[in-house]
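Peer 1: kindly return the folded structure for what I paste below:
(one chain, ligands or ions: 2)
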Amino acid sequence: MASGFRIYETMSRKLQVFEPVQKPTKGKKPKVRLYTCGPTVYNYAHIGNWRAYLWEDLLRRYLKFKGFDVIQVMNLTDVDDKTIRDSIKEGLPLKDFTEKYIKAFFEDLDKLNIERAEVYPRATDHIPEMIALIEVLLKKGIAYKTDDGCVWFSITKFPDYGALAHIDTTQLQAGASGRILNDEYDKEQAADFALWKGWDEGDGDVAWESPFGRGRPGWHIECSAMSMKHLTKAFKGGKFDQKGFETIDLHTGGVDNMFPHHEDEIAQSEAVTGKKFVKYWMHVEHLLVDNKKMAKSAGNFYTLRDLIAKGHDPRTFRYLIQSVSYHQKLNFTFEALGAAKEALKAIDDFILNLGAAKAPADCKELPSLLDKLESEFTASMDDDLNTSPAFASIHIFMRDINRIHPKLSKKDAEKILVLFKRIDSVLGVMSFEREQAPKELIDLADQRDEARRKKDWKESDRLRDLITKAGWVVEDLPEGPRLKKV
Ligand code: AMP
Ligand code: ZN
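Peer 2: Ligands and ions are numbered 1, 2, ... in the order given. Below you'll find the model as predicted:
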């Protein structure tokens, strides 16, 4: 059955209907295997990184909403040029240095209400698998060694090199004059890249033994090894097993990952397996500051901690990121964050107000409004996760409901909450606090409302005090009382 979910696929530069690689087993949800390039843990993730992870969380949640069983792997790059450089600068062993940022990463992830992936593999735990892949490439003559202990991928031996980033392969440099040791480089520098870097002084005590000498892996081979290990059965007893590999459904990252990282991942992986590495590639546009790419190296970045220190709620940031299409560059400003706060407050207040619904009969207009919202939301999200009209539909729905609010019964309010919760299983920004107020407090608020109507002020004050003591405030709206956590 067609999923109806259309995504913009980077390799083909086309919108495609998403269909998983594996045929579903009867009675089970169809399985989707998703690989998301994770953080390089040499600093706190900046809010540009969080744009990428939030969008990947949205993708994961929407796939689940569509009935797929998602297996997501997000790697932790805990060894590369930058982690080694900065751990030495701080005089810490690599493991202690990266541990601090791994811990911070998960703290921020939870604050942003990002669902946990199924696996968070660390590069340093997968050196044998990386070595196994490099051995295959050497055996096939696609990789070669040099005297400095490095092993290189020969790009001219892989005819499809450049297909993802759309590089003109006639310009490619190979061999002695065309080798690049850095993990990161530009398209113009496309050349043979390092699979294994022979130890040198700059590496301090970071090194592993391998059949090709002491050294460490290049960044790109890390993701090839970790994705195949955790999403396919390509390794048996630490050795590469050709038969166990199966094309991975989805692989994502920010647009800067497209080249060289993902291009190199494809080259290494497909040269090893002889099969298509990934069915769908997807990339999220950058978050900008002052209209420039936010990057740790440029020093123009904010962390989530910076926003929290300025008094902003992570939920607001999540709303801001999601309110804009992931194909659009998003220039971060505090004005935009302020507007997101207002928009989110409108949703929060709307949900709180639902607690005051008490018309005796159900509202006849509600079912069609609920259907409209659900179908509009799904249509927007099916259109390549087009969140901006999805949010617009929510705000229009709220406007319509506010108009008919006096006609809503308690049951109506429940129905609205059910749909909002379903929608929020994807968006992850709403607060259902009124619902979380303990039943006794809701009863007390209702009793107090009754006392007020009878003008029994003494009793109503007594009940208000009880609610306040429990850490809640009761607000009197025209529709009735509303409970808010202090
Ligand atoms: P890194 O830790 O640099 O490997 O980046 C982790 C993820 O964040 C990758 O998917 C990057 O493509 C993404 N990323 C980096 N900078 C930005 C940015 N300014 N906006 C959006 N995504 C970014
Ligand atoms: Zn990666």
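
Peer 1: separation between the spatially closest residue to Asp205 that is not a sequence neighbour and Asp125?
Peer 2: Of all residues not flanking Asp205 in the chain, Pro93 sits nearest, at 7.6 Å (CB to CB, 6 or more residues apart in numbering). For the C-beta atoms, the positions are set from N, CA and C on the backbone; glycine is no exception. Using CB to CB, to the nearest Å, Pro93 is found at 16 Å from Asp125.

Peer 1: ligand 2 contacts on the protein?
Peer 2: Counting by CB under 5 Å from the ion, the chain comes close to ligand 2 at 37, 223.

Peer 1: re earlier: now the residue nearest to Asp205: how far from ligand 2?
Peer 2: 24 Å (CB to the ion, to the nearest Å).

Peer 1: cool, Glu19 as well?
Peer 2: 24 Å.

Peer 1: so that residue makes contact with Ser3?
Peer 2: Yes: checked against CB atoms under 8 Å, the pair Glu19 and Ser3 is within contact range at 6.4 Å.

Peer 1: tell me which element the closest residue to Pro30 other than its chain neighbours is part of?
Peer 2: Leaving aside its sequence neighbours, Pro30 sits nearest to Pro24 (CB to CB, 6+ apart; 3.8 Å). According to DSSP states H and E, Pro24 maps onto no helix or strand at all.

Peer 1: show me which of Glu19 and Ser3 is the more surrounded one.
Peer 2: Ser3 (17 against 14; other CB atoms under 10 Å).

Peer 1: so the more buried one, which of the three states?
Peer 2: The three-state assignment at Ser3 reads coil, by DSSP: H, G, I helix; E, B strand; the rest coil.

Peer 1: tell me the pLDDT at it?
Peer 2: We have a pLDDT of 78 for Ser3.

Peer 1: how far away is the residue lying closest to it once chain neighbours are set aside from Met74?
Peer 2: Take Ser3 and drop its neighbours on the chain: the residue closest to it by CB to CB, 6+ apart is Phe18, 5.3 Å away. Applying CB to CB, the value for Phe18 to Met74 is 20 Å.

Peer 1: same thing with Lys292?
Peer 2: For Lys292, the distance to Met74 - CB to CB - is 27 Å.

Peer 1: which one's more surrounded, those two?
Peer 2: Neighbour count, other CB under 10 Å: between Lys292 and Met74, Met74 has more, with 25 against 11.

Peer 1: show me the contacts for the more buried one.
Peer 2: 35-38, 53, 56, 117, 119-120 (CB atoms under 8 Å, 6 or more residues apart in numbering).

Peer 1: with Leu337 instead?
Peer 2: Contacts of Leu337 by CB under 8 Å, 6+ apart are 307, 312, 316-317, 320.

Peer 1: and the next element down the chain from the helix or strand bottoming out on mean pLDDT in the chain?
Peer 2: Least confident helix or strand, the chain: helix 433-436 with a mean of 60, by mean pLDDT, DSSP states H and E. Using DSSP H and E, the helix or strand that directly follows helix 433-436 along the chain is helix 439-453.

Peer 1: what packs against the helix or strand just after that next one?
Peer 2: Using DSSP H and E, the helix or strand that follows helix 439-453 towards the C-terminus is helix 457-469. Helix 457-469 sits against helix 439-453, strand 472-477, with contacts defined as 3 or more CB pairs under 8 Å, 6 or more residues apart in numbering; DSSP states H and E.

Peer 1: in contact with the residue in the stretch 101-250 of the chain that ligand 2 sits nearest to, which residues are there?
Peer 2: The stretch 101-250 of the chain approaches ligand 2 most closely through Cys223 (3.3 Å), counting by CB to the ion. Counting by CB under 8 Å, 6+ apart, Cys223 makes contact with 35, 37, 75, 261, 265.

Peer 1: ok, now Thr316?
Peer 2: Counted by CB under 8 Å, 6+ apart, Thr316 has contacts 337, 340-341, 344.

Peer 1: name the nearest of those relative to ligand 1.
Peer 2: Leu337 (15.7 Å; CB to the nearest ligand atom).

Peer 1: next, the closest one: secondary structure please.
Peer 2: From three-state DSSP, the assignment for Leu337 is helix.

Peer 1: ok, so what distance separates the residue in the stretch 51-200 of the chain that ligand 2 sits nearest to from Ile114?
Peer 2: Going by CB to the ion, ligand 2 is nearest to Asn75 of the stretch 51-200 of the chain, at 6.1 Å. Using CB to CB, we find Asn75 at a distance of 15 Å from Ile114.

Peer 1: rewinding a little: just the contacts of Cys223: which are in strands?
Peer 2: Judged by DSSP state E, the subset of those located in strands is Tyr35.

Peer 1: what's the closest of the contacts of Cys223 to ligand 2?
Peer 2: Cys37 (3.2 Å).

Peer 1: could you check how far that closest one is from Met11?
Peer 2: The value you get for Cys37 to Met11, if CB to CB is used, is 16 Å.

Peer 1: of these two, who's got more company?
Peer 2: Applying other CB under 10 Å to Cys37 and Met11 shows that Cys37 carries more neighbours, namely 23 against 20.

Peer 1: what's the closest non-adjacent residue to the more buried one?
Peer 2: Gly253 (4.0 Å).

Peer 1: what bridges to that neighbour?
Peer 2: His283 (DSSP bridges).

Peer 1: for Arg453, see how far away it is.
Peer 2: Counting by CB to CB - Gly253 and Arg453 are separated by 58 Å.

Peer 1: which one of those two is surrounded by more residues?
Peer 2: Gly253 (22 against 9).

Peer 1: residue contacts, that one?
Peer 2: Gly253 touches 36-37, 52, 261-262, 283-284, counting by CB under 8 Å, 6+ apart.

Peer 1: gap between whatever helix or strand Lys95 lives in and the chain center?
Peer 2: Taking DSSP H and E as the definition, Lys95 sits inside helix 94-111. A distance of 16 Å separates the centroid of the chain from that of helix 94-111, by CA atoms, centre = their mean, to the nearest Å.

Peer 1: over to stretch 20-34?
Peer 2: 21 Å.

Peer 1: confirm Lys279 sits in a helix?
Peer 2: No: using three-state DSSP, the assignment for Lys279 is strand, not a helix.

Peer 1: count of neighbours near it?
Peer 2: When neighbours are counted by other CB under 10 Å, Lys279 comes out with 18.

Peer 1: that one contacts Ile248, doesn't it?
Peer 2: Yes: counting by CB under 8 Å, Ile248 is a contact partner of Lys279 at 7.0 Å.

Peer 1: overlap in contacts of these two?
Peer 2: In contact with both Lys279 and Ile248: Val21, using CB under 8 Å, 6+ apart.

Peer 1: tell me the SS of Phe301?
Peer 2: coil.

Peer 1: what pairs with the closest residue to it other than its chain neighbours across the strands?
Peer 2: Spatial nearest neighbour of Phe301, chain neighbours left out: His46 (3.7 Å); criterion: CB to CB, 6+ apart. Bridge pairing for His46 (DSSP bridges) gives the partners Thr303.

Peer 1: now Val32
Peer 2: Applying DSSP bridges, one finds that Val32 bridges with Val70.

Peer 1: go ahead and confirm it touches Phe68.
Peer 2: Yes: if you go by CB under 8 Å, Val32 and Phe68 touch, sitting 4.5 Å apart.
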